[in-house]
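A.B. asks: Here's a sequence, model it:
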Amino acid sequence: MLLHNLLFYFENSKIELEKEVDPDKYTYLDMLETCSKQLDIYTVGMHIMYGDEMRVTCDADLLQMFQGSHNEMNIHIFVYEDKSIRPVSFKLPKHIEGSGKEMGDHGHDDSVSIGCADNTLIDKTAPQPNEVEPHPHQSPIKKKGRVENDDKQRRVRGMNKNKRVAALKNDDRLEVTFYKNRAVGPNHEAFSRHLGRIVRDFNICSVRVHSWKEIGEQEKSHMWAAIKEKFKNDNMEDHRKDALCHMRSLWNNWRSLLNRKYIKSYNSVQDILKKKPIEIQDQEDWEWLVKNHFQASSFKVNSLDFLW
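C.D. replies: Numbering: from 1, shown residues only. Next comes the predicted model:
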């Protein structure tokens, strides 16, 4: 089993490293503890993100992060303050005085597997998909960490609507700051969303390819031009390679999402073809992707679920 190094990047330019993390043992509470080394998580709200703006809000998201990075030794995690989000409203087990001797290695009762979704403790044995955002109100916690949610309705994540970029007029561009080869600062989320939209734009990036390597230099130059059209930096050209690497990661994550959400969820090719994702406009493109890529024997062999 591959152990991972988790690299946490904070807006104060500080970095925290968790070495050789075991995916079977590492929990969201452990992640919050790492964040607490640089942020006062009890007074400041925060986003914890990786890859294609994928948020980590609970153990289910954490599991998906490890599954999507099963062949990567280093996982890069970005932590941003957000005043619109409530701070953590409960004390982490290791921050509770006198709790060390009475609890397990992670500070909680080992007989109960719990996690946290936007300050709401949840049962880790019933993971939720990353596309579903947790209910904004804290649910009452029953004895032994079990949670009973009064409102079972969830808000499903929709299409990537980059309102900040969409609001730009004429030749206006957003200033983007780079640190450690990644966008940071107030416009980092808009920048990442813009990159995510570009890799899904089939006028720029063809859907009929099996891997990122098949995308030619002309298409990549078109992508880079689309980035510079909306964002600026004094040394923008110095970050072309890093931006394209980021886009490669976003593209791979998106293709993996299509496989999980639309391919593995149905038993027959006929059912899959009827469930064309909204972002893929041409039915013929979807049919090519299903029949020539996802259903190809070489893809099935390479994408077999690994066991931990």
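
A.B. asks: Now the residue minimising distance to the centre of the chain: phi and psi?
C.D. replies: With distances taken as CA atoms, centre = their mean, residue 54 lies nearest the centre of the chain, 1.6 Å away. Backbone torsions for residue 54, taken as degrees, to the nearest 10, come to phi -80, psi 120.

A.B. asks: Please report the distance of it from residue 221.
C.D. replies: Separation of residue 54 from residue 221 (CB to CB, to the nearest Å): 27 Å. Yep, even glycine has a C-beta here, placed from its N, CA and C like the rest.

A.B. asks: cool, residue 248 as well?
C.D. replies: Distance of residue 248 to residue 221, given as CB to CB: 15 Å.

A.B. asks: Neighbour count: these two, which is higher?
C.D. replies: Between residue 248 and residue 221, residue 248 has the larger neighbour count (other CB atoms under 10 Å), namely 16 against 12.

A.B. asks: related to what we said a few turns ago, my read: the residue nearest to the centre of the chain touches residue 61, true?
C.D. replies: Yes - judged on CB atoms under 8 Å, residue 54 makes contact with residue 61 at a distance of 7.3 Å.

A.B. asks: so where's the stretch 1-150 of the chain uncertain?
C.D. replies: Applying pLDDT under 70 to the stretch 1-150 of the chain picks out residues 1, 52, 96-150.

A.B. asks: Mind doing that once more with 80?
C.D. replies: Along the stretch 1-150 of the chain, the model assigns pLDDT under 80 to residues 1, 12-13, 51-53, 70-71, 83-84, 90, 93-150.

A.B. asks: can you pull out the strands in it?
C.D. replies: For the stretch 1-150 of the chain, strands defined by DSSP state E, counting those that start in this stretch occupy the ranges 4-10, 15-21, 46-50, 54-55, 74-81, 114-117, 120-123, 132-133.

A.B. asks: ok, the first one: who's next to it in the sheet?
C.D. replies: Strands that pair with strand 4-10, judged by DSSP bridges, come out as strand 15-21 (antiparallel), strand 74-81 (parallel).

A.B. asks: Looking at those, spot the one closest to residue 272.
C.D. replies: Residue 272 sits nearest to strand 74-81 of all the strands paired with strand 4-10, at 30.1 Å, using CB to CB.

A.B. asks: and stretch 293-308, what's its mean pLDDT?
C.D. replies: Mean pLDDT, stretch 293-308: 57.

A.B. asks: Excluding covalently adjacent residues, which one is nearest to residue 51?
C.D. replies: Of all residues beyond its chain neighbours, the one nearest residue 51 is residue 253 (4.8 Å), with distances taken as CB to CB, 6 or more residues apart in numbering.

A.B. asks: I'd say the one you found and residue 54 touch.
C.D. replies: Yes - under the criterion of CB under 8 Å, residue 253 makes contact with residue 54 at 6.9 Å.

A.B. asks: can you list residues touching both of these two?
C.D. replies: Counting by CB atoms under 8 Å, 6 or more residues apart in numbering, the shared contacts of residue 253 and residue 54 are residue 68.

A.B. asks: Export the strands of the stretch 1-150 of the chain as CSV, with columns for distance to residue 287.
C.D. replies: Formatted as CSV, these follow (distance: least, CB to CB, whole Å):
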stretch, distance to residue 287
strand 4-10, 37
strand 15-21, 40
strand 46-50, 32
strand 54-55, 28
strand 74-81, 34
strand 114-117, 37
strand 120-123, 38
strand 132-133, 28
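
A.B. asks: ok, back up a step: export the strands paired with strand 4-10 as TSV, with columns for distance to residue 46.
C.D. replies: Listed next are the strands paired with strand 4-10 as TSV, based on distance: least, CB to CB, whole Å:
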stretch	distance to residue 46
strand 15-21	13
strand 74-81	6
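
A.B. asks: Show me the one of those that comes nearest residue 237.
C.D. replies: When those are compared (using CB to CB), the closest one is strand 74-81, at 22.8 Å.

A.B. asks: ok, and for the closest one, which residues are buried?
C.D. replies: Residues of strand 74-81 classed as buried: 75-80 (neighbour count, 16 or more other CB atoms under 10 Å).

A.B. asks: likewise stretch 3-18?
C.D. replies: Buried residues in stretch 3-18, counted by 16+ other CB under 10 Å: 4, 6-11, 16, 18.

A.B. asks: Now compare those and name the two farthest from each other.
C.D. replies: 4 and 11 (22.9 Å).

A.B. asks: Just list the residues touching residue 81, thanks.
C.D. replies: Per CB under 8 Å, 6+ apart, neighbours of residue 81: 11, 39, 44-46.

A.B. asks: Any of the residues you listed buried? List them.
C.D. replies: Among these, those buried by neighbour count (16+ other CB under 10 Å) are 11, 39, 45-46.

A.B. asks: Can you tell me how far the residue nearest to residue 51 is from residue 200?
C.D. replies: Counting by CB to CB, the gap from residue 253 to residue 200 is 11 Å.

A.B. asks: Thank you kindly, that will do.
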